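Engineer: with the sequence up front, the predicted model follows.
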Amino acid sequence: DIVVGTPVAGRSSASAESLIGMFVNTLPLRTDLSGDPTLLEVLRRVRETDVAALAAQDVPFDEIVTALAPERALSRHPVFQTMVQYRDPIIAPEFTGLRAEPVFPRARTAKFDLTFEFVELARSAGIRLRVEYAAALFDEATVADLAGRVSSILRTLVGAPSSHVAQLRLGPSTELPALPAPDIAPPRRSLVDIFSATARTFGDRPAVSDGTRTLTYRELDAHSSSIAARLHRDGVRRGHSVALILERSTDLVAAILGVLRCGAAYVPIDPAYPGERKASTLDDAAPTVVVDADYLERADDSDSVTATFETELTPADPAYVIFTSGSTGKPKGVTVTHGNVAALIDATAELFDVDENDVWTMFHSYAFDFSVWELWGPLSTGAHLVLPDHATTRSPADFAALIGERGVTVLSQTPSAFFALDAADLADTEHQEIPEHQETPETIGSGSALDSLRYVIFGGEALDLPRLRSFGRRYPRTTLVNMYGITEITVHATYLVLDQ
């Protein structure tokens with residue numbers, strides 16, 4: 001869903017044609033690119049959107065901004081950052097004995113991040129593209145390349161209108177031929193499909209552990225099917241939402257899978273949230289069922305049977321709705337699909353050398369999207385997921401001990417949490433930092449609770465790289481990876497392996 005702005009003259013009525021004054025208004029236009037449409041279908045959608053918007057062009061832009069109440073920042077426009085406009089040529093008037101031509105002074109400021117202005121040529125059949133850009137964000141070479149891409153896409157639209165958007169490859173050159181679709185389409189998988197395949201392959205291996213209980217993949221499969229059957233009897237169907245208010249436990253993971261098996265999306269609500277936030281989230285999400293500890297305890301023996309229903313899921317079905325922290329004053333729900341999470345799993349499969357022999361932790365609250373990566377990393381590979389309780393996550397020393405006891409190999413951390421963990425490791429008298437000139441291969445990381453770590457994955461905050469030098473020197477066998485993303489694009493979008 002892409003939003004651009006466009007100006008309109010604001011003289012939609014004949015009575016305004018001869019009036020002197022400024023009537024110009026700005027229309028935000030949404031372009032829906034969902035479903036991998038063809039270029040012809042995109043053109044049709046754009047036309048429908050533009051015609052509908054022009055019918056409401058008299059609505060003041062200020063009223064739109066007020067109604068949307070977007071998060072405001074001085075560095076950007078509140079609704080869109082790219083302006084697209086199309087205008088007739090400006091032709092100089094004719095004077096006897098004089099030759100006149102319009103002069104366009106060079107702009108010194110940019111009103112938006114990017115402005116694409118398409119102008120009909122006055123003396124020939126053609127259109128000129130002028131791009132205005134914010135020099136703080138783009139350089140001239142980048143903008144020239146963007147303009148070339150626009151031209152290439154327009155040529156593709158004329159020459160191959162049946163090309164799908166996903167088939168286009170935007171390389172650094174202006175030649176952007178539409179690539180043919182692959183002979184074999186990628187598998188259309190849901191998260192239930194992914195987990196079921198893992199459970200079939202690694203049924204007897206440990207899947208998830210909390211402080212008191214460990215479930216194998218076979219047991220987790222059965223437990224989640226039991227919860228799904230209960231939810232189905234309580235009216236949960238495909239497309240519904242189910243709120244989860246549960247402590248960190250094996251039941252939490254089973255409940256997430258149970259909700260997904262019903263075709264519903266889970267809405268995670270941390271039990272530690274204030275009552276007002278819980279109530280607000282429940283009011284906005286309007287879940288069909290609320291699953292808490294009491295709900296699971298009320299399950300009778302009949303709930304232990306495997307669900308007898310089958311829900312056909314597609315990658316487009318919602319998997320979860322996470323309510324963000326509410327930087328605008330009120331948390332907002334972000335819906336993420338099965339396909340989005342599956343794409344995250346597929347995209348990272350070749351980036352990390354992980355398998356069923358690894359041990360992961362779900363350190364973060366399941367209401368924070370970092371937990372999605374921590375959950376599905378192991379569940380998609382047959383690895384073991386360890387869930388520390390809330391108190392352990394708040395004690396760096398206790399968490400370090402847990403890592404050592406369980407042999408954790410893959411750890412996800414925000415930088416602030418990690419540096420507290422690193423400080424606790426250094427504070428342990430048995431693991432005092434050895435001067436660099438006295439280190440030997442035998443002393444590096446020897447005996448430390450963190451020695452089992454193969455990967456530490458950072459995200460969620462800016463990372464202060466110099467502060468990693470001590471850890472990197474003590475644990476040279478641990479790979480440090482910095483990743484970044486936001487809830488709306490499914491956890492991670494960037495990947496960088498850090499070295500000395």
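Structural biologist: Thanks, I have the structure now. Numbering: from 1, shown residues only.
Engineer: CA only for contacts and neighbour counts going forward, please
Structural biologist: Will do.
Engineer: how close does residue 258 sit to residue 266?
Structural biologist: 9 Å (C-alpha to C-alpha, to the nearest Å).
Engineer: do the same with residue 82
Structural biologist: 35 Å.
Engineer: these two: which is more packed in?
Structural biologist: With neighbours defined as other C-alpha atoms under 10 Å, residue 82 and residue 266 compare such that residue 266 has more, 28 against 20.
Engineer: what does stretch 203-211 contact?
Structural biologist: Here stretch 203-211 makes contact (C-alpha atoms under 8 Å, 6 or more residues apart in numbering) with 214-220, 248-250, 253, 378-379, 382-389.
Engineer: filter those residues down to just the ones in strands.
Structural biologist: In this view, the contacts of stretch 203-211 that belong to strands under DSSP state E are 214-216, 384-386.
Engineer: of all these, which two lie farthest apart?
Structural biologist: 216 and 386 (12.2 Å; C-alpha to C-alpha).
Engineer: more neighbours: which of those two?
Structural biologist: residue 386 (29 against 19).
Engineer: contact partners for the more buried one?
Structural biologist: 208-210, 359-362, 406.
Engineer: can you redo the residues you listed as CSV with neighbour count?
Structural biologist: Listed next are the contacts of residue 386 as CSV, based on neighbours: other C-alpha atoms under 10 Å:
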residue, neighbour count
208, 28
209, 22
210, 16
359, 26
360, 26
361, 25
362, 24
406, 17
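Engineer: ok, how many other residues are close to residue 17?
Structural biologist: 11.
Engineer: that one reaches residue 11, doesn't it?
Structural biologist: Yes - using C-alpha atoms under 8 Å, residue 17 is in contact with residue 11, at 6.0 Å.
Engineer: give me the helices and strands touching the longest helix along the chain, please.
Structural biologist: Under DSSP state H, the helix in the chain containing the largest number of residues is helix 140-159. Contact partners of helix 140-159 among helices and strands, from 3 or more C-alpha pairs under 8 Å, 6 or more residues apart in numbering; DSSP states H and E: strand 127-133.
Engineer: rerun that using 10 Å as the cut-off
Structural biologist: helix 39-55, strand 114-120, strand 127-133 (3 or more C-alpha pairs under 10 Å, 6 or more residues apart in numbering; DSSP states H and E).
Engineer: can I get those in TSV with distance to residue 96?
Structural biologist: As requested, the helices and strands packed on helix 140-159 are exported to TSV (distance: least, C-alpha to C-alpha, whole Å):
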stretch	distance to residue 96
helix 39-55	40
strand 114-120	26
strand 127-133	29
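Engineer: most packed of those?
Structural biologist: Of all the helices and strands packed on helix 140-159, strand 114-120 has the most neighbours on average by mean count of other C-alpha atoms under 10 Å, namely a mean of 18.
Engineer: give me the angle between that one and strand 127-133.
Structural biologist: 160 degrees (axes from the mean of the first three to the mean of the last three C-alpha atoms, to 10 degrees).
Engineer: which strands or helices does strand 114-120 pack on?
Structural biologist: strand 2-8, strand 82-87, strand 127-133, helix 140-159.
Engineer: so which of these is nearest residue 106?
Structural biologist: That would be strand 127-133 among the helices and strands packed on strand 114-120, by C-alpha to C-alpha, at 10.0 Å.
Engineer: with just CA atoms, put the closest one into CSV.
Structural biologist: Extracted in CSV, the C-alpha atoms of strand 127-133 (Å, rounded to 0.1, in the frame of the first residue of the first chain):
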residue,chain,number,x,y,z
ILE,A,127,6.5,14.2,-21.9
ARG,A,128,9.3,15.6,-19.9
LEU,A,129,10.1,14.3,-16.4
ARG,A,130,11.5,16.7,-13.8
VAL,A,131,12.5,15.4,-10.4
GLU,A,132,13.0,17.6,-7.4
TYR,A,133,14.7,15.9,-4.4
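Engineer: now it, how far from the centre of its chain.
Structural biologist: 32 Å (C-alpha atoms, centre = their mean, to the nearest Å).
Engineer: pull up the pairing partners for that strand, direction included.
Structural biologist: strand 114-120 (antiparallel) (DSSP bridges).
Engineer: what average pLDDT does the partner strand get?
Structural biologist: Averaged across strand 114-120, the pLDDT comes to 90.
Engineer: between it and helix 140-159, how big is the angle?
Structural biologist: Orientation note: strand 114-120 sits at an angle of 50 degrees relative to helix 140-159 (the same axes, to 10 degrees).
Engineer: hmm, who's touching strand 114-120?
Structural biologist: 4-6, 81-90, 126-135, 137-138, 143, 147, 150 (C-alpha atoms under 10 Å, 6 or more residues apart in numbering).
Engineer: swap in 7 Å and give it another go.
Structural biologist: The contact list for strand 114-120 (C-alpha atoms under 7 Å, 6 or more residues apart in numbering) reads 81-89, 126-134.
Engineer: what residues sit buried inside the helix or strand of the chain with the lowest mean pLDDT?
Structural biologist: Within the chain, confidence by mean pLDDT, DSSP states H and E is lowest for helix 61-68 among all helices and strands, at a mean of 82. Using 16 or more other C-alpha atoms under 10 Å as the burial criterion, none of the residues of helix 61-68 qualify.
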